[in-house]
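In: structure of the sequence below:
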Amino acid sequence: MLEQISKTIQNFFIYEIQKRRATGVVIGVSGGVDSSVVATLAVKSLSPTSVMGIILPEEGVTPKEDVEDALDLANQLFIPYKVIDISKIKHEMTKELPLDKMAQGNLSARIRMCILYFFASTKKMLVAGTTDKSELKLGYYTKYGDGSADILPIADLYKTQVREMAQYLAIPDRIIKKDSRPGLWIEHTAEGEIGLSFAVADGILKDLENENFDGSKYLDKDVKRIHELMQKNIHKSEMPTICKI
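Out: Numbers count the residues shown, from 1 in each chain. The predicted structure is shown next:
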């Protein structure tokens, strides 16, 4: 199964690059499991020179080990990469802005996406997003930030499936077992913000998708939380509303 999924994603990369007449893909490599899987599959389907990794830490926020893991992966894959600390950019942008933890965290994600698109433009590449199916369904991403991309190679794989794919691809255990952390502020983790583990979230999401939902398998509060997130974030998957004349 994992072999077939891997081949499907690799063919997806090749098809999209050829169809759009691009030279390759730009990927924000964070040191996390999602970006590691996307980068590895991109290299397998294209070539190292057709994949550019952009590592975008924020001083005082991004854990040192995430940067190290991102660098190690880029070197193992032999892809060209660039490290840009977004701290100075963000500092200049927030000088005249009010303090707001969530808004400034989302700003970090949007700064990163602006940089990815800058390099994609200069190199005639596509931005390969790293959002997985769990994040997509929950709306757990920043609108016009990490949710923006030209292609989404792993958006039909739940987080737990992405970790399985990472094992199949022999991605280092320290990356696979690492807590998912968007890193929009200090010690920011996905499961901490969501309020439940991806193992539980994925189980609920899969059952809801298959219309075979058995509420007795889960805690009521967990099911309620999933519905809250899906409803709250549904706007992220919609196009801007047009005023019809």
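In: what lies in contact with the longest helix along the chain?
Out: Scanning the chain for the helix with the most residues, using DSSP state H, yields helix 101-123. Helix 101-123 is contacted from outside by 23-24, 26-28, 52, 54, 56, 58, 61, 82, 84, 86, 89-90, 93-94, 97, 125-127, 141-146, 148, 150, 182-185, 188, using CB atoms under 8 Å, 6 or more residues apart in numbering. C-betas here are computed from N, CA, C, even on glycine.
In: now do the helices in the chain.
Out: Along the chain, the segments classed as helices by DSSP H run 2-19, 33-45, 64-77, 87-94, 101-123, 133-138, 159-168, 173-176, 190-194, 198-209, 220-232.
In: quick check: which of the ones you listed is buried the most?
Out: helix 33-45 (a mean of 25; mean count of other CB atoms under 10 Å).
In: got the CA positions of that one in CSV?
Out: Extracted in CSV, the C-alpha atoms of helix 33-45 (Å, rounded to 0.1, in the frame of the first residue of the first chain):
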residue,chain,number,x,y,z
VAL,A,33,7.6,15.0,9.2
ASP,A,34,5.3,16.6,6.6
SER,A,35,8.0,18.7,4.9
SER,A,36,10.5,15.8,5.1
VAL,A,37,8.1,13.4,3.3
VAL,A,38,7.3,16.0,0.6
ALA,A,39,10.9,16.8,0.0
THR,A,40,11.9,13.1,-0.1
LEU,A,41,9.2,12.2,-2.6
ALA,A,42,9.9,15.2,-4.7
VAL,A,43,13.6,14.1,-5.1
LYS,A,44,12.5,10.6,-5.9
SER,A,45,10.2,11.7,-8.6
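In: name the helices or strands packed onto it?
Out: Contacts defined by 3 or more CB pairs under 8 Å, 6 or more residues apart in numbering; DSSP states H and E place helix 33-45 against helix 2-19, strand 25-28, strand 51-55, helix 64-77, helix 159-168, helix 173-176.
In: how long is stretch 58-69 end to end?
Out: Stretch 58-69 has its terminal residues 15 Å apart, counting by CA to CA, to the nearest Å.
In: once you drop chain neighbours, what's closest to residue 232?
Out: residue 139 (6.9 Å; CB to CB, 6 or more residues apart in numbering).
In: out of the helices of the chain, nearest to residue 244?
Out: With CB to CB as the measure, helix 220-232 is the member of the helices of the chain nearest residue 244 (25.4 Å).
In: dump the closest one to CSV, restricted to CA.
Out: Written as CSV, here are the backbone C-alpha positions of helix 220-232 (Å, rounded to 0.1, in the frame of the first residue of the first chain):
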residue,chain,number,x,y,z
ASP,A,220,-17.7,13.4,23.6
LYS,A,221,-15.4,16.3,24.2
ASP,A,222,-13.0,15.1,21.5
VAL,A,223,-15.8,14.7,18.9
LYS,A,224,-17.1,18.2,19.9
ARG,A,225,-13.7,19.7,19.5
ILE,A,226,-13.3,18.2,16.0
HIS,A,227,-16.6,19.6,14.9
GLU,A,228,-15.8,23.0,16.4
LEU,A,229,-12.5,23.2,14.5
MET,A,230,-14.0,22.1,11.2
GLN,A,231,-16.9,24.6,11.5
LYS,A,232,-14.7,27.5,12.7
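In: now the farthest one out in this protein, which residue is it?
Out: Residue farthest from the centre of the chain, counting by CA atoms, centre = their mean, is residue 245 at 37.2 Å.
In: state the distance from residue 233 to residue 137.
Out: Distance of residue 233 to residue 137, given as CB to CB, to the nearest Å: 9 Å.
In: same check, this time on residue 18
Out: 29 Å.
In: same deal with residue 12?
Out: 19 Å.
In: try residue 60
Out: Per CB to CB, residue 60 is found 32 Å from residue 137.
In: repeat that for residue 128.
Out: In this view, residue 128 and residue 137 are 20 Å apart by CB to CB.
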